[in-house]
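# Quick one: sequence plus predicted model below, questions after.
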Amino acid sequence: QVQLVESGGGLVQAGGSLRLSCAASGITYAITAVGWYRQGPGKQREMVATIDKKGSINYVDPVKGRFTISRDNNKNTVYLQMNLLKPEDTAVYYCRIFTDGAIVDEVFYRDYDYWGQGTQVTVSS
């Protein structure tokens, strides 16, 4: 069974840093793309940073220059280094992992994605 375990969230003052981790286990197909998303209070979930299957990295404008996404393929782990945090970064952060296949309830899917359970990041002013 696939599990995504996130860690590293917490309470930090504005200007501080946090490093989120997302460790995937139980994945039997190749991981293609990975990403971090967030959902702030009263807001819709939005993409924060992604690495696509070609290795191209994309960030949402408000985090450019402050956040860095990376992945360790040997450990099936995705990271999000967050620096110069602002109160508006307060949100639940979710990792998302795409694979080139999955078998769910005995049905094969060519492309599939998994979500982590979310980790709370709170930035105080």
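Great, that's in hand.
# Quick one: classify residue 62 as helix, strand or coil.
Look at residue 62: counting by DSSP: H, G, I helix; E, B strand; the rest coil, its state is helix.
# I'd say it and residue 88 touch.
Yes - counting by Cβ atoms under 8 Å, residue 62 touches residue 88, with 7.3 Å between them. C-beta coordinates here come from the backbone N, C-alpha and C atoms, glycine included.
# any idea how far residue 75 lies from residue 83?
22 Å (Cβ to Cβ, to the nearest Å).
# And residue 97, which helix or strand is it part of?
Assigned by DSSP states H and E, residue 97 belongs to strand 91-99.
# Break down this structure into its strands, ranges please.
Listed in chain order, the strands of the chain (DSSP state E) span 3-7, 10-13, 18-25, 31-39, 46-51, 57-59, 67-72, 77-82, 91-99, 102-104, 107-109, 112-115, 119-124.
# Looking at residue 75 and residue 83, which is more packed in?
A direct count of neighbours by other Cβ atoms under 10 Å for residue 75 and residue 83 places residue 83 higher, at 14 against 11.
# what sits against the more buried one?
17, 66-68 (Cβ atoms under 8 Å, 6 or more residues apart in numbering).
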